[in-house]
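S.K.: next one to model:
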Amino acid sequence: MPSRSYAGVDVEVGEDGFFVHPEQWTEEMAPVIAKESGVDDLTPRHWQVVNFMRAQYMAKGDSPSVRLLGKASGVPVKELYELFPKGPAKLAAKIAGIPKPRSCI
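M.R.: Numbering: from 1, shown residues only. Coordinates of the predicted model:
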């Protein structure tokens, strides 16, 4: 499998660039991943979503869908698309260092 270096740490990623081992992720990596993905600055609202995504993944072993993300994260779906314009669930999962959500193509 391919690997990437974020914040000076090599991590294993799948062909689509998502972390294979979420436990390798650190908060210092998130701004680097975000910038590479077209999100220049992570605001507190971005972090709210990223932290929610990680917590959901760690608790359930899967990432939430956009619908659940909009209902349970405290960030409405419309705002999710403003924060993560290339697809909220997919992009937030990538920044959060978790595997690509099953609901994403």
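
S.K.: residue 52 sits in which helix or strand?
M.R.: Assigned by DSSP states H and E, residue 52 belongs to helix 44-60.

S.K.: who are the packing partners of the very next helix or strand once past that helix?
M.R.: Next in sequence after helix 44-60, counting helices and strands by DSSP H and E, comes helix 66-72. In this structure, helix 66-72 packs against helix 44-60, helix 77-83, helix 88-96, with contacts taken as 3 or more Cβ pairs under 8 Å, 6 or more residues apart in numbering; DSSP states H and E. For the C-beta atoms, the positions are set from N, CA and C on the backbone; glycine is no exception.

S.K.: quick one: contacts for residue 10?
M.R.: Residues in contact with residue 10, defined by Cβ atoms under 8 Å, 6 or more residues apart in numbering, are 3, 4.

S.K.: double-check that it belongs to a strand.
M.R.: Yes - looking at residue 10 with DSSP: H, G, I helix; E, B strand; the rest coil, it is inside a strand.

S.K.: so what sits opposite it in the bridge?
M.R.: Here residue 10 sits in beta bridges with residue 5, going by DSSP bridges.

S.K.: low-confidence stretches in the protein?
M.R.: Where the chain drops to pLDDT under 70, the residues are 103-105.

S.K.: nearest residue to the middle of it?
M.R.: For the chain, the residue nearest the mean C-alpha position is residue 93 (2.3 Å; Cα atoms, centre = their mean).

S.K.: if I look at residue 5, how far off is residue 27?
M.R.: Counting by Cβ to Cβ, to the nearest Å, the gap from residue 5 to residue 27 is 16 Å.
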